[in-house]
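J.: Need coordinates for the below:
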Amino acid sequence: MSLVCFTATDVDGLPRTNNDLEHVFGSFRHHQRRCNGQKKSPASLLVRGSCRLIAAIATKIKTFTARDLVQLDWSAWRQKRNQMEKLRQNRLQQRRFRRQTKTYLAELETKLIQSILPP
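T.: Numbers count the residues shown, from 1 in each chain. Sure, this is the predicted structure:
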């Protein structure tokens, strides 16, 4: 078994330190906050942040044409959409719990009892 070692200087475009990578994330958050005029980052950043971050970095590196965007892997796109929908549903449930705790817990209890009882 052999180990391959390389330094950051061997690969073009590879951030040399974590600070460089954190700078990318920080500037992205800064621009997100500036776009909506709020001090906090938008909640959608938690759900769709990975897609938006990749798109923001990629568009700085390369200009995309319509032909580039047409080439799409539909199965990967559906999988990513399903993953983002699950994240959105989790955020929605958290918000429901914070706003109406008693109602939310009562609904959960009802669902639990119905799942235990035979049909």
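
J.: how's this protein carved up into domains?
T.: Annotated domains of the chain cover 18-71, 73-119 [automatic domain parsing].

J.: mean pLDDT lowest for which of these?
T.: Among the domains of the chain, domain 18-71 carries the lowest mean pLDDT, a mean of 74.

J.: Measure how far that domain is from the centre of its chain, please.
T.: Centroid separation for domain 18-71 versus its chain: 10 Å, with Cα atoms, centre = their mean, to the nearest Å.

J.: Start and end of it, how far apart?
T.: End-to-end span of domain 18-71 (Cα to Cα, to the nearest Å): 33 Å.

J.: who are the neighbours of the longest helix along the chain, in terms of helices and strands?
T.: In the chain, taking DSSP state H as the definition, the longest helix is helix 74-99. Packing partners of helix 74-99 (3 or more Cβ pairs under 8 Å, 6 or more residues apart in numbering; DSSP states H and E): helix 44-61, helix 101-116. Quick note: C-beta positions are derived from backbone N, CA and C, even for glycine.

J.: Save the domains of the chain as TSV, and put in mean neighbour count too.
T.: TSV is the format used below for the domains of the chain (neighbours: other Cβ atoms under 10 Å):
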stretch	mean neighbour count
domain 18-71	12
domain 73-119	11
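
J.: Quick one: closest of the helices and strands packed on helix 74-99 to Arg91.
T.: Closest to Arg91 of the helices and strands packed on helix 74-99 is helix 44-61 (Cβ to Cβ; 6.2 Å).

J.: Quick one: name whatever helix or strand follows that closest one.
T.: Later in the chain than helix 44-61, the nearest helix or strand by DSSP states H and E is helix 66-70.

J.: who touches that following helix?
T.: With Cβ atoms under 8 Å, 6 or more residues apart in numbering as the test, helix 66-70 has no contacts from any other residue.

J.: then that helix to PDB, C-alphas only?
T.: The C-alpha coordinates for helix 66-70 follow below in PDB (Å, rounded to 0.1, in the frame of the first residue of the first chain):
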ATOM      1  CA  ALA A  66     -27.600  27.700 -22.300                       C
ATOM      2  CA  ARG A  67     -26.100  24.700 -23.900                       C
ATOM      3  CA  ASP A  68     -24.100  23.900 -20.700                       C
ATOM      4  CA  LEU A  69     -27.300  24.100 -18.600                       C
ATOM      5  CA  VAL A  70     -29.300  21.800 -20.900                       C
END
